[in-house]
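Q: Quick one, structure for this:
(one chain, ligands or ions: 1)
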Amino acid sequence: PTYRVAVGVRRTPLFRPHLDMASVRYPNVLITGTPGTGKSATAMAVVAQLPQMTHVEIGALVRDKQLHEGWDDDLQCHILDEDRICDELEEQMENGGVLVDFHGADLFPERWFDLVVVLRTDNSVLYPRLENRGYTEKKLSENMEAEIMQVILDETRGAYREEIVVELRSNDLEGLESNVARIIAWVNDWRKNQAAQAVEPSV
Ligand code: ADP
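A: So this is what the prediction gives:
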């Protein structure tokens, strides 16, 4: 019989290029969920601690740049011009580091996002939050029903790969803080992985 002699393989490259973390791109994150679940509060807290990222609230963008086709009186919201919203954001998304905040998930190209967070809030907590917003009875009940039926969660799961979708509870300040910490930790890990892949050629 022939015997094979194990030959040691040098796994560490002799030359390790210097890793400049500052040049590593930031991921794009979508924060979605029913209105009132805390998307803006979460996104604002993330960018406060990670100022390299930009918070883009789609509702505000739609109003500022008139990216709509008028007002729907029945649903009490703008009729979105989805193509123009996506065109407006495309270049920024290519550069990375965008934290998109919107109560819809499937209007964006799937390739844009590295992580998608769906915020969820218990009914007894969400109701008073929406009441505080002065929503009409109809809008309030529609949003409550959407949260109960997990409409946004299902829409998100239908639009993105399972591995990048995370569902987080956003009921109280403790939850908010831990969600913010999780998102920041995830962003940092993602960048470290990107950096490691850039210097370690896959074998
Ligand atoms: P969204 O952007 O999803 O519509 P907001 O971030 O505007 O929701 O939050 C709605 C209201 O609820 C705000 O007054 C916000 O401060 C509060 N809020 C959001 N998330 C939490 C949370 N986890 N704990 C306590 N209050 C919250």
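
Q: For the residue most central in space within the chain, identify the helix or strand it belongs to.
A: Geometric centre of the chain, nearest residue: residue 30, 1.8 Å, by C-alpha atoms, centre = their mean. Assigned by DSSP states H and E, residue 30 belongs to strand 29-32.

Q: Report whether that strand contacts the ligand.
A: No - Strand 29-32 stays clear of the ligand (C-beta under 6 Å from any ligand atom), getting no nearer than 8.0 Å. All C-beta atoms are positioned from the backbone trio N, CA, C, and that covers glycine.

Q: For that strand, name the packing helices and strands.
A: helix 39-49, strand 98-101, strand 115-120, helix 173-199 (3 or more C-beta pairs under 8 Å, 6 or more residues apart in numbering; DSSP states H and E).

Q: Tell me which residue in the chain sits closest to the ligand.
A: residue 38 (2.5 Å; C-beta to the nearest ligand atom).

Q: count of neighbours near that residue?
A: When neighbours are defined as other C-beta atoms under 10 Å, residue 38 has 27 of them.

Q: begin at 26 from here
A: Happy to do that; since the first residue is 26 now, the last one works out to residue 63.

Q: Now do the phi/psi pair for it.
A: Main-chain torsions, residue 63, degrees, to the nearest 10: phi 110, psi 20.

Q: Secondary structure class of residue 103, three-state.
A: Following DSSP: H, G, I helix; E, B strand; the rest coil, residue 103 is assigned to strand.

Q: my bad, residue 96
A: Assigned with three-state DSSP, residue 96 falls in the strand class.

Q: Spatially nearest residue to it, not counting backbone neighbours?
A: residue 103 (5.9 Å; C-beta to C-beta, 6 or more residues apart in numbering).

Q: Would you agree that neighbour is in contact with residue 88?
A: Yes - Residue 103 lies in contact with residue 88 (C-beta atoms under 8 Å); the separation is 7.4 Å.

Q: Run through this structure and note the low-pLDDT ranges.
A: 26-44, 226-228 (pLDDT under 70).

Q: who touches residue 82 in this structure?
A: 65, 68, 126, 127 (C-beta atoms under 8 Å, 6 or more residues apart in numbering).
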